[in-house]
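Trainee: Have a look at this fold, sequence not included:
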């Protein structure tokens with residue numbers, strides 16, 4: 001294990017108050033596998049609160065403040081359908097202020113639709129631009145908000161379900177590695193997809 005993966009695992013262990021033996025760490029290849037290992041080691045405290053529902057309602061209220069009709073704001077609605085394309089950066093700032101939570105940064109493709117996804121140099125693909133954040137659904141955006149703000153929204157000692165573990169783990173990976181939370185998927189390989197050796 002490299003220093004990056006050790007630091008990540010130490011952060012996870014400290015956050016949840018658990019220990020993951022080295023032999024078990026060696027078997028973890030994906031974000032989902034890391035979540036499953038953590039989930040098996042913590043005490044679950046079922047409750048009536050659904051964190052994703054509470055954050056979605058907060059998001060819906062913020063989007064209504066931007067002039068959207070409530071009936072158009074569903075978990076499957078794309079953010080881009082609710083925000084002004086000509087004033088996206090301004091709407092984005094207003095959304096963050098109304099939510100009073102961190103939200104993912106817009107990326108180049110959000111702000112300039114004419115850009116090619118692939119960046120080429122002398123005809124060779126150098127890298128792919130990050131997917132547009134605003135082109136995702138409110139459901140996904142809610143997940144990202146929870147991951148970015150897990151320390152404010154979820155008490156690690158009172159985890160009620162796997163979803164909360166997923167959001168905390170994704171948030172820790174993002175803060176530990178610098179990979180934007182919008183680019184972390186549960187099925188991703190820690191090494192190949194996220195660059196954690």
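Mentor: Ah, there it is. Since the structure is predicted, the reported quantities are computational estimates derived from the model, not experimental observations.
Trainee: mean confidence for stretch 79-91?
Mentor: In this model, stretch 79-91 carries a mean pLDDT of 87.
Trainee: contacts for it?
Mentor: Residues outside stretch 79-91 that contact it (Cβ atoms under 8 Å, 6 or more residues apart in numbering): 63, 66, 68, 72-73, 92, 95, 106, 110-111, 132-138, 141. (Each C-beta comes from the backbone N, C-alpha and C, glycine too.)
Trainee: Pull the number of nearby residues for the residue lying closest to residue 64 once chain neighbours are set aside.
Mentor: Of all residues not flanking residue 64 in the chain, residue 70 sits nearest, at 5.8 Å (Cβ to Cβ, 6 or more residues apart in numbering). Using other Cβ atoms under 10 Å, residue 70 has 10 neighbouring residues.
Trainee: Quick check: residue 70 touching residue 59?
Mentor: No: judged on Cβ atoms under 8 Å, residue 70 makes no contact with residue 59 at a distance of 11.9 Å.
Trainee: I'd like the list of the contacts of stretch 79-91 that fall within helices, please.
Mentor: Mapping these onto helices (DSSP state H) picks out 63, 92, 95, 110-111, 138, 141.
Trainee: Where does the residue nearest in space to the middle of the chain sit, in terms of helix or strand?
Mentor: Nearest to the mean C-alpha position of the chain, by Cα atoms, centre = their mean, lies residue 144 at 3.1 Å. Using DSSP states H and E, residue 144 sits in helix 138-148.
Trainee: the helices in the chain, which residues?
Mentor: Ranges of helices within the chain are 3-16, 22-25, 31-41, 51-65, 88-99, 108-111, 138-148, 150-153, 162-177, based on DSSP H.
Trainee: Could you measure from residue 166 over to residue 143?
Mentor: Distance, residue 166 to residue 143, using Cβ to Cβ, to the nearest Å: 8 Å.
Trainee: what sits against residue 52?
Mentor: 142-143, 146, 163.
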